[in-house]
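[1] Fold the following for me, if possible:
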Amino acid sequence: MTKADLVDVVAQKVGQTKKLTAQVIDQTLDAIAEALKKGEKVQLIGFGSFEVRKRAARKGINPRTRKPINIPAKTVPVFRPGKELREAVK
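    Now for the predicted structure:
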């Protein structure tokens, strides 16, 4: 499902225009991204939670040259599905 498909489905379910629905979805995603940038955890009860985790630096191997390389530490967004979502997709 693409973002456009999501807009179509939500607009039809709530009886609003696609333009307004697209704006609401965009603002929702922006709010989640902003919270994650601040290091906050976003919990959507029944759906899941988004959070930022730190990955430690590690050593890897360049698959082309087979030489060892250093992979720097970084932060990554992580999604954990909630119980209701896990049960819905079983």
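
[2] Which secondary structure state does residue 28 sit in?
    Following DSSP: H, G, I helix; E, B strand; the rest coil, residue 28 is assigned to helix.

[3] could you check the distance from it over to residue 21?
    Separation of residue 28 from residue 21 (CB to CB, to the nearest Å): 11 Å. Every C-beta, even on glycine, is put in place using the N, C-alpha and C of the backbone.

[4] neighbour count winner among these two?
    residue 21 (20 against 11; other CB atoms under 10 Å).

[5] Quick check, pLDDT for that one.
    Looking at residue 21, its pLDDT stands at 97.

[6] got the contact list for the helix or strand residue 23 falls within?
    Counting by DSSP states H and E, the element that carries residue 23 is helix 18-37. Applying CB atoms under 8 Å, 6 or more residues apart in numbering, the contact partners of helix 18-37 are 3, 6-8, 10-11, 14, 41-42, 50-52, 77.

[7] what's near enough to touch residue 9?
    residue 1.

[8] In this protein, what residue spans correspond to helices?
    All helices of the chain, identified by DSSP state H, fall at 3-14, 18-37, 83-88.

[9] Those into CSV, with extra columns for distance to residue 46?
    Shown next, in CSV, are the helices of the chain (distance: least, CB to CB, whole Å):
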stretch, distance to residue 46
helix 3-14, 17
helix 18-37, 16
helix 83-88, 4
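
[10] Residue 69: which of the ones you listed is closest?
    helix 18-37 (27.7 Å; CB to CB).

[11] How far does that closest one sit from its chain's centre?
    Computed by CA atoms, centre = their mean, to the nearest Å, the chain-centroid distance of helix 18-37 equals 12 Å.

[12] what comes up buried for it?
    Residues 21-22, 36 are the ones in helix 18-37 that count as buried (16 or more other CB atoms under 10 Å).

[13] okay if I get those residues as CSV plus distance to residue 65?
    Converted to CSV, the buried residues of helix 18-37 look like this (distance: CB to CB, whole Å):
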residue, distance to residue 65
21, 49
22, 46
36, 35
